[in-house]
Structures are given as structure tokens and as C-alpha cells.
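Sequence first, predicted model second:
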Amino acid sequence: MHKNFKNIDRVVYGRGAFNHLSDIINPIRKENNQYFVYIVDNYFKDKELANRLQNKKEDLIYFIDVDPHEPTTEQVDQLRDEIITTKGLPSGVIGIGGGSIMDIAKALSLMLTNQGSSAQYQGLNLIKKPGVYHLGVPTISGTGAEVSMTAVLTGPEKKLGIKCDYTVFNQVILDPTLIATVPKDKWFYTGMDTYIHCIESENGIKRNAFSAAYAQTALKLCREVYLDEYSGQTPENDDKLMVASLMGGLSLTYSEVGVCHALSYGLSKILGYKHCFANCVIFQHLDDIYPDGVKDFKEMLIKNGIELPTGLSKNWDDATITAMAEVSYNLPFMWQHAFGDNFKETIDIDYIKSLFKRM
Ligand code: NAD
Ligand code: ZN
């Protein structure tokens, strides 16, 4: 079956594009109870951007600290209950921040119109009704959450996305000036998520000319941003990274991620590692699976002065490694993409445990 994927309805790109926010949302303000909910990364609370939100007095603004943990089903349910009790159904939800905020905004939009807990809807096409209008403004680039069909949440049982056509943003505003303040380590880890998305998308049986076109362009941009002569955090590179993130997301939508992401889900679910950092910690050890990708990755680490921890598995007991391996094993579509339809002949829990022991 060919994927018939849902793309973002509208995209505006360019330095200063964020200033169009009020013009973009004004026509939507007549919907439902005629107000907007803003979900903004807490980093911006006392920054200049907080004065440029273009909100109206009836709007609700939530500043959310995404650092303690990745978005959870409980967090989205609570937010939804509070909003519905306070003001009823909003015209729309605006997410301003990184992948965590993108996912909270997407999930919230859906949960405002669907009954029960978001945990019930973790999986493919479980959502019953379209959500309210939702608009994403990324402020750190790499996850591709701005374009993906999924809102990744950690629930009581699993870390899994709410994935369906309705999850995709109605509008995205890509303004590269917004990512200028990202600290160097986060700029590296999150940007590398895109790099790894593309390496994995390219190396597997689901690769095709459509996914490859996006991956190859995004990889070229990543090399310019992280490796080449003019690499580093510059306005020109911010322009490129924002596009690379979007293209990396589109590439994996039409192909699949692979071994690094399968392991990363285990590390996040069992030990709470953040997605992009976890990917970097793992990817450095996958030279036999992605030789060219890992070689350039290691050069990027040196070029940008990033040091990743090693020797971590010495402190993990067998039960922890087994638990992580089980989470990873339960993502068969990633293993199938990376190792082919007969992957079960070579990939078992012991092999996956051996990969965790490399870390
Ligand atoms: P994030 O949203 O977790 O934010 C990372 C850090 O960067 C935070 O400390 C935040 O405050 C800070 N930050 C964000 N913008 C900033 C700015 N402009 N200046 C200074 N600091 C800034 O980061 P992320 O790496 O983009 O997202 C990770 C999350 O995305 C994970 O929860 C992961 O599960 C999810 N994810 C989702 C998808 C998807 O398709 N939905 C794909 C990959 C990852
Ligand atoms: Zn990723």
C-alpha cells in the first residue's frame, strides 16, 4: 500500500515571517468560542518574543517548561480539561517552541474535540474527530515535528505518537530568526535528529526517489551547517537548518527511520533520555550499520566541540538493558526498514541488547 500522506496545509518561510501571525489567525478567530490558546516554551517567558505574540486579551497563554520531561499524556489531558472548563472550545491552538511544544500543541488540538484520555489514542488512526485549527512556530530545528503526522507522547504504558491526518498542522510559520538563541549543545543535538532521520531514511528498504530527494537535500544542508568551511550558528545556516528539518521530516514520512531511532525509544522510555540527545549518544556506535553517516557525524562532533558520554552501559544492569531492548524490539517497522523483510532471522532481543552494551 502506498502512503497517502497528509502535508501541512500552509507554510510561510522567511526571516521575520512570525510577524504575520495575527494576520494569519484573524480569519480563524470567528470559530468556536472566538479565542486562541498559545502554548509557548517557557524559555521565552521573559524574552522579547513574549511581547510579540500578537495575542488578544481573550486569549489564553501557557508558558510550559519542557526541560523536566518529554510531553506526557497526563500533561495534555490536564491542559485540555483546564481550557475547556475555563473558556470552552477555542478557535485554535498555537504552539511556539521546539519539538516538545509542537507535540503538545498538536495533541491538545486533537484532545479538545476527542473524549477521554490522550493515552487511548496513542497509535495509528485512533482519533475519531478532527481537532481545532492548530498552528506551529518552531524555535529550534531538527525534529521535523513541525511537519510530521504524529504528536509523540509518553503515556502510562508507552512512548508513542498520536498519528493520523488530523495531527498535521494547518499552518506552520518558519522564521529562522527565532532559532538564533538556541544554545550550542541543543542546536547540535536537535539538528542531528534531522541528520539521523535522513541517514536512516536513505539506508533501508523503504527508500524511494521521493524520500531520497528530500533526504539528500537535507543532508547537504546539514553538512553546510555542521561540517563545512562556513559551518556554525550563523543567520545563513539558521535559514538552512530550518529547511533541512522540514525536509528531513518529509523524507522519513515517505520512508522510515531505523536502528538509531528504535534504540532511542528504548533509552527514552526506560531511562528518560531526551530524544535528540539519546540519538546522538547511540549513533556514534553504529559504524557497522551506517558507516558513512557515522564517519561524518564524528567529524561534526569534533568540528563543533561536542563531547558525548560513553561507557554508560557499565552502570546499567541486565534488567534495564533487557527492558530497553524490549521497547526497541517492539518497533518492527524500523528494524524491517533497516534489515529487510526477513529481519527476524538476525534481529532478536540479544542482538539489540548487544547494541545497548556498546554505549
Ligand atoms: P525541545 O522542545 O524539547 O526543547 C529543547 C530545549 O531547547 C528546551 O530547553 C527549550 O527550552 C530550548 N529552546 C527551544 N527553542 C529555543 C530558542 N529559540 N532559544 C533558546 N532555547 C530554546 O526540543 P526538540 O529537540 O526540538 O524536541 C524534542 C521533542 O520532540 C521530544 O519530546 C521528542 O519526542 C519530540 N519529537 C517529535 C517528533 C514528531 O514527529 N512529532 C519527532 C522527533 C522528536
Ligand atoms: Zn528523531
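That came through fine. Numbers count the residues shown, from 1 in each chain. Ligands and ions are numbered 1, 2, ... in the order given.

What residues does the stretch 251-359 of the chain have near ligand 1?
Taking Cβ under 6 Å from any ligand atom as the contact definition, the stretch 251-359 of the chain meets ligand 1 at 275-276. In this view, the C-beta of every residue, glycine as well, is placed from N, C-alpha and C.

Please repeat the previous calculation with a cut-off of 8 Å.
268, 274-276 (Cβ under 8 Å from any ligand atom).

can you put the residues you listed in CSV and add pLDDT, distance to residue 129 and neighbour count?
Output for those, formatted as CSV (pLDDT from 0 to 100; distance: Cβ to Cβ, whole Å; neighbours: other Cβ atoms under 10 Å):
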residue, pLDDT, distance to residue 129, neighbour count
268, 92, 29, 22
274, 94, 31, 21
275, 95, 28, 22
276, 97, 32, 23
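
I'd like to know which of those are part of helices.
268, 275-276 (DSSP state H).

Tell me the one of those nearest residue 4?
Ranked by distance to residue 4 (Cβ to Cβ), those are led by residue 275 at 26.7 Å.

contacting residues for the closest one?
Residues near residue 275 by Cβ atoms under 8 Å, 6 or more residues apart in numbering: 70, 99, 143, 152, 193, 264, 268.

ok, of those, which one's closest to ligand 1?
Each of the contacts of residue 275 was scored against ligand 1 by Cβ to the nearest ligand atom, and residue 99 proved nearest at 2.3 Å.

hang on, isn't residue 25 packed against residue 134?
No - at 10.7 Å, residue 25 does not count as touching residue 134 under the criterion of Cβ atoms under 8 Å.

Name the residue of the stretch 201-350 of the chain that lies nearest to ligand 1.
residue 275 (3.6 Å).

so where do the helices sit in the stretch 251-359 of the chain?
Under the criterion DSSP state H, counting those that start in this stretch, the stretch 251-359 of the chain contains helices at 259-271, 275-283, 291-303, 318-329, 332-339, 349-357.

Now do the third one: which elements does it pack against?
Using 3 or more Cβ pairs under 8 Å, 6 or more residues apart in numbering; DSSP states H and E as the contact definition, the elements that helix 291-303 packs against are helix 184-202, helix 209-226, helix 275-283.

and residue 298, how far is that from residue 227?
11 Å (Cβ to Cβ, to the nearest Å).

how about the residues of the stretch 101-250 of the chain near ligand 1?
101-103, 106, 138-145, 147-152, 159, 161, 178-183, 186, 189-190, 193, 249.

Show me those that map onto helices.
Using DSSP H, these in helices are 101-103, 106, 186, 189-190, 193, 249.

Among these, which one lies nearest to residue 320?
residue 189 (22.4 Å).

and the closest one, how far is that from residue 214?
In terms of Cβ to Cβ, residue 189 sits 21 Å off from residue 214.

re earlier: which neighbours do residue 25 and residue 134 have in common?
92, 94.

more crowded one of these two?
residue 134 (27 against 20; other Cβ atoms under 10 Å).

show me what contacts the more buried one?
Residue 134 touches 92-95, 105-106, 108-109, 169-171, counting by Cβ under 8 Å, 6+ apart.

Alright, that wraps it up for me.
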